[in-house]
Every structure is written in structure tokens, then in C-alpha cells.
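Asks: structure of the sequence below:
(chains A and B)
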Amino acid sequence: MARKILIIDDEDDIREVAALSLESVAGWEVIKASSGAQGLARAAEHQPDAILLDVMMPGMDGPTTFRELRKNQATAGIPVLLLTAKVQGTDQRRFADLGVEAVLFKPFDPMTLSKQIATALGWK
Amino acid sequence: MKTTSQPGPHADAALSQAMDGLWVRFLPELLERVAVLEAAVQAVSKGKLTAKQREAAQSAAHKLAGVLGTFGLTRGTVLARELELTFARESSPRRDAGKKLAEIAAELRAMIESRKSSA
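Replies: Numbering: from 1, shown residues only, chains lettered A, B, ... in the order given. Coordinates of the predicted model:
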């Protein structure tokens, strides 16, 4: 089933690789945002099936963006997966405790990213 | 219809080719990050690393660690992560660590400059 995914990441290269991966491997529609603030607006406007959210961003970081998404009735129910290059256990536990659906790690395999997302969200 | 479970060999080849295109597009940005690291390493060797330089180096290494493996450079991610952890510490790396850090930065640059097309 074709899905609509919002990618929020300030790093152009990661954002483009993730978008390419989800579009070409899974055939999903991808919406992109380069900041937390832009991501909040795009999420409310496009109502994606899921959001792939970078953790470390200047200005509004991933955890703050996640909390804002949950505060807004229009975006509160959209599943969020954090994407992080942080590998330390304390960081991982902190991110999991936020209440996101899953935490995915950079670097990711472009061939299997969509499968990781689908598995995490229980999508067939 | 495309699915998430069976990408198949054609999707694989098309993705590899498209990834190579993105690599070419973002190569200057990746090399800029390496240059930030090289400048910081040089400053370590001279005992003149500033807090601002250390933070910039940590950020550059973090970004490289996150992306290089995605382009198939797994060792690049390992090297970048080593530099990230080094520059993440509040205190400046010891001056005598400069040589080893320079070797890591040089290996990183060589790896990025010589990455072959995956298609």
C-alpha cells in the first residue's frame, strides 16, 4: 500500500537519501522538511501516515518537535520514528522514553529503510 | 506495484545508480566537513584548539558518521565516530594525540575521495 511519509531533517544529504530510498524502493510518497518548525507545518498540512524525525537539528531539535506534534490535535496521532546517529545507550533510552513509535539509526541501509519503518509500525 | 518486502534486482540497481548521483551532488559538502576536521586536528597538534573549533569538529564528525555508512562507507562511519567522540569531550584532546587524529582524518579523506560508483 502506498504510504505518505514526512521526513524532517536539517541535513540535505540524509534527507535526500532517505527520500530516494522510500520513493524508489517502496513507492511511497515523500514530503520533506528541513527544520522542526517547517516539519510541524507540513505535518498539519499533509497529514502523513508517519514522520521520520531527525534528533539533532539547530533551533527546534527532534524531541522538541515531537512534543509540539503531540500538543497539536491535528498531528497528535501521527506515528513518529526518530532517526539518530547517537549510539550511546543513555541517549537511546532517553529517546525511547519520549514515547515515539521507534528509534532508527544512522547510517541506515537505503535498500531496507522502508522495511524497517513498516516493521516498526506493523504495516503489511 | 512496488512493495516494501521484495525490492528486486532492478530496484537495487536503480537505487544504486541514484545513490551515486546523490554522492556526486553532496561530495563537496562531505569534503567541507572533512576540512573542518582537518583544521581542528591541526589546531590540536599546535595546542590551539578553540571551543568553537571543537564544537564545529564534533558536529562535522557526527554528520559524517551518520551519512557515510549509508553510501556504503562503513569504515568511514567508524572513523568519523571516533573523531566525534574525541571532540565531544569538554576538554581539548591532548597535543600528542594530534598525530593519530591526523591519520584518522587523512584516511577519512582518502576514503571519501576514492569512493567508487556502486552501480
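Asks: C-alpha only now, for contacts and for neighbours.
Replies: Fine.
Asks: what does chain A put close to chain B?
Replies: Of all the residues in chain A, those in contact range of chain B (CA under 8 Å from any CA of the partner chain) are A:1, A:11, A:13-14, A:16-17, A:20-21, A:24-27, A:84-85, A:106-111, A:114-115, A:118.
Asks: buried ones among those?
Replies: With burial judged by 16 or more other CA atoms under 10 Å in any protein chain shown, the buried subset of these is A:11, A:13-14, A:16-17, A:20-21, A:24-27, A:84-85, A:106-111, A:114-115, A:118.
Asks: those in strands, which ones?
Replies: When DSSP state E is applied, those are split such that A:Thr84 fall in strands.
Asks: from the buried ones among the residues of chain A next to chain B, which land in helices?
Replies: For these, the ones inside helices are A:Asp13, A:Ile14, A:Glu16, A:Val17, A:Leu20, A:Ser21, A:Ser114, A:Lys115, A:Ala118, with DSSP state H as the criterion.
Asks: surely B:Gly47 and B:Arg95 touch.
Replies: Yes. Counting by CA atoms under 8 Å, B:Arg95 is a contact partner of B:Gly47 at 5.5 Å.
Asks: element containing the residue sitting nearest the centre point of chain A, please.
Replies: Compute the mean C-alpha point of chain A, and by CA atoms, centre = their mean the closest residue is A:Leu52, 0.8 Å away. Here A:Leu52 sits within strand A:50-54, counting by DSSP states H and E.
Asks: was I right about the residue nearest to the centre of chain A contacting A:Ile78?
Replies: No. Contact criterion CA under 8 Å: A:Leu52 and A:Ile78 do not qualify, at 10.6 Å.
Asks: need the residue closest to the centroid of chain B.
Replies: Central residue check for chain B by CA atoms, centre = their mean: the C-alpha nearest the mean position is that of B:Leu64, 3.1 Å away.
Asks: near the closest residue in space to A:Asp109 that isn't next to it in sequence, how many other residues are there?
Replies: With sequence-adjacent residues excluded and distances taken as CA to CA, 6 or more residues apart in numbering or on different chains, A:Asp109 is closest to B:Thr70, at 5.6 Å. By the measure other CA atoms under 10 Å in any protein chain shown, the count of residues near B:Thr70 is 20.
Asks: B:Leu37 versus B:Thr70, what's the distance?
Replies: To B:Leu37, B:Thr70 is 20 Å away according to CA to CA, to the nearest Å.
Asks: about what we covered before: so for the residue nearest to the centre of chain A, what pLDDT did the model give?
Replies: On pLDDT, A:Leu52 comes in at 98.
Asks: ok, it to A:Ile8 distance?
Replies: A:Leu52 is 6 Å from A:Ile8, by CA to CA.
Asks: quick one: residues contacting the residue nearest to the centre of chain A.
Replies: A:Leu52 makes contact with A:Ile5, A:Leu6, A:Ile7, A:Ile8, A:Val80, A:Leu81, A:Leu82, A:Leu83, according to CA atoms under 8 Å, 6 or more residues apart in numbering or on different chains.
Asks: what about 7 Å?
Replies: With contacts taken as CA atoms under 7 Å, 6 or more residues apart in numbering or on different chains, A:Leu52 has the following neighbours: A:Leu6, A:Ile7, A:Ile8, A:Val80, A:Leu81, A:Leu82, A:Leu83.
Asks: now do the contacts for the second one.
Replies: Yep, that's A:Ile7 we're talking about. When contacts are counted by CA under 7 Å, 6+ apart, A:Ile7 is found next to A:Arg15, A:Ile31, A:Lys32, A:Ala33, A:Ile51, A:Leu52, A:Leu53.
Asks: how about it, secondary structure?
Replies: Following DSSP: H, G, I helix; E, B strand; the rest coil, A:Ile7 is assigned to strand.
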